[in-house]
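J.: task: produce atomic coordinates for the following.
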Amino acid sequence: MRIRPVRSSARQARLLFVGRGLAVLLALSLTPLSAHAQIAGRLKKLAKDAAKNAASGGKDSATTKAAAAAGVSTSGSASGAAKIDISITADRLTMVLASLKSASQQAQAIATAEAEKRAYETKRDAVKSCVDKSSNAGAMPSQTNVAAAQKLIAGQQAMLKRHNDALAGTDMRKRVYLEDSLQVATYAATATMVGAMSKCGPMPYAPAAFLEVQAMKSAGGVDDDFRTLTVEEPALSAMTRHQFAMVRERAALYALGEAGLVPATKLGKEGVFTDEELAVLALHRDELVKMAPLFKSNALTWSGTSDLRGW
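T.: Down below sits the predicted model:
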């Protein structure tokens, strides 16, 4: 239905008022004086109604225009207040998940690395402390230990050259892995020289997930501010910021419920879905359930609009 401009609605109200006013004036000339008070009251009511219609016409037109631009429905509301459509459709969910893909991958990589980081660092620091204490003890290394350490150092030369080549190139992943290997080899040589290998044990290699995150950060593949989500087309035009946020939030609630991380009774009204929405969500269930722990830990932002950019 075509929306009439505010000026047109106000002009029609004024014309209506004038027309009715002329009719009332004509009635005054034909009505006994005893009815003048009633007609005067009616005239005042007509003027009040006309002014009210003009004001509400302009407001409703502006509201309808804004609603149409934002994908909002004003029907079915007794108060006339706009009701934002936050239903989950196939297109909307596809666009939201596509927008979350990069952030989700980064959050997953960081979460995996963090899960393995503590055990690795605990063992690494224990070996380092043990070897450092033996090195600082002041005991003179034996010739046998020195010779064994020199062989290890000689074996590192090829690795060191590969590392230098990596520094000169752009392969950040190779550089990070070689640096970890050189750290392990250096402590092995030191522990061998001071006779601490049997006591301290070998330096552990860093977990692959830990190194992969370091490599991505070095290559610029992980933005330290990845939690700020910049939404792009077509989602940018298809949804308002609020609609995008609510579809994301409701999808996250579905994921948390399906993964058993939040009881269904705790999902709130936004976690209640129509049969049509459940059919759409079911098509992406595996992907959403995989993201559920990230939502649960808030490693991946899923609520509110403060992290959203683009609009």
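
J.: next, count neighbours for Asp125.
T.: Neighbours of Asp125 under the rule other CB atoms under 10 Å: 10. C-beta here means a position set from N, CA and C on the backbone, and glycine is covered the same way.

J.: so what touches stretch 85-102?
T.: Contacting residues not belonging to stretch 85-102 are listed as 71-73, 226, 229, 231-232, 234-235, 238-239, 242-244, 246-248, 250-251, 270, 273-274, 276-277, 280-281, 283-284, 287-288, 291, 300 [CB atoms under 8 Å, 6 or more residues apart in numbering].

J.: that stretch: which residues count as buried?
T.: Within stretch 85-102, the residues scored as buried using 16 or more other CB atoms under 10 Å are Asp85, Ile86, Ile88, Arg92, Leu93, Met95, Val96, Leu97, Ser99, Leu100.

J.: please apply the same query to stretch 197-209.
T.: Met197, Cys200, Met203, Pro204, Ala206, Pro207, Ala209.

J.: hmm, back to that, tell me the one among the buried residues of stretch 85-102 nearest to Leu178.
T.: Leu100 (33.3 Å; CB to CB).

J.: which among the contacts of stretch 85-102 count as buried?
T.: Neighbour counting by 16+ other CB under 10 Å classes 72, 226, 229, 231, 235, 239, 243-244, 246-248, 250-251, 273, 277, 280-281, 284, 288, 291, 300 among these as buried.

J.: report the secondary structure state of the residue nearest to Gly201 when sequence neighbours are not counted.
T.: Closest residue in space to Gly201, ignoring its immediate chain neighbours: Val127 at 6.0 Å, by CB to CB, 6 or more residues apart in numbering. Recorded secondary structure, Val127: helix (DSSP: H, G, I helix; E, B strand; the rest coil).

J.: my guess is Glu258 meets His284, correct?
T.: No - Glu258 is beyond contact range of His284, at 10.5 Å (criterion: CB atoms under 8 Å).

J.: helices along the stretch 101-250 of the chain, start to end?
T.: Ranges of helices within the stretch 101-250 of the chain are 143-168, 172-193, 197-200, 208-218, 235-238, 241-258, based on DSSP state H, counting those that start in this stretch.

J.: buried residues, stretch 174-194. List them.
T.: Going by neighbour count (16+ other CB under 10 Å), the buried part of stretch 174-194 is 174-178, 180-181, 185, 187-194.

J.: and the gap between Ala188 and Ser134?
T.: 13 Å (CB to CB, to the nearest Å).

J.: Ile86 now?
T.: Distance of Ile86 to Ser134, given as CB to CB: 64 Å.

J.: what's the answer for Asp286, then?
T.: To Ser134, Asp286 is 51 Å away according to CB to CB.

J.: tally of neighbours for Glu114?
T.: Neighbour count for Glu114, taken as other CB under 10 Å: 14.

J.: please disregard the earlier target; I meant Asn145.
T.: Going by other CB under 10 Å, the residues that sit close to Asn145 add up to 17.

J.: so it is in contact with Ala196, correct?
T.: No - using CB under 8 Å as the test, Asn145 is too far from Ala196 to be in contact (9.5 Å).

J.: more neighbours: which of Asp286 and Ser134?
T.: More neighbours surround Ser134 than the other of Asp286 and Ser134, with 18 against 10 (other CB under 10 Å).

J.: just the pLDDT for the residue nearest to that one when sequence neighbours are not counted.
T.: Nearest residue to Ser134 in three dimensions, chain neighbours excluded: Ala196, at 3.8 Å (CB to CB, 6+ apart). We have a pLDDT of 91 for Ala196.

J.: this protein: strands as residue ranges?
T.: Along the chain, counting by DSSP state E, strands occupy 72-73, 83-84, 229-230, 308-309.

J.: what's the closest of these to Gln106?
T.: Among the strands of the chain, strand 229-230 comes nearest to Gln106, with 11.1 Å by CB to CB.

J.: who does that closest one pair up with?
T.: Partners of strand 229-230 in the sheet, by DSSP bridges, are strand 308-309 (parallel).

J.: residues making contact with the strand it pairs with?
T.: By CB under 8 Å, 6+ apart, strand 308-309 touches Thr228, Leu229, Thr230, Val231, Arg241, Phe244, Ala245.

J.: could you check how far Ala158 is from Asp180?
T.: 16 Å.

J.: nearest residue to Leu281 in space, ignoring adjacent ones along the chain?
T.: Counting by CB to CB, 6+ apart, the residue nearest Leu281 is Tyr254, at 5.0 Å.

J.: mind listing what that neighbour touches?
T.: By CB under 8 Å, 6+ apart, Tyr254 lies in contact with Gly271, Phe273, Leu281, Leu288.

J.: dump those residues to a markdown table, plus pLDDT and distance to Arg309.
T.: Formatted as a markdown table, these follow (pLDDT from 0 to 100; distance: CB to CB, whole Å):
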| residue | pLDDT | distance to Arg309 |
| --- | --- | --- |
| Gly271 | 95 | 26 |
| Phe273 | 97 | 28 |
| Leu281 | 98 | 26 |
| Leu288 | 97 | 23 |
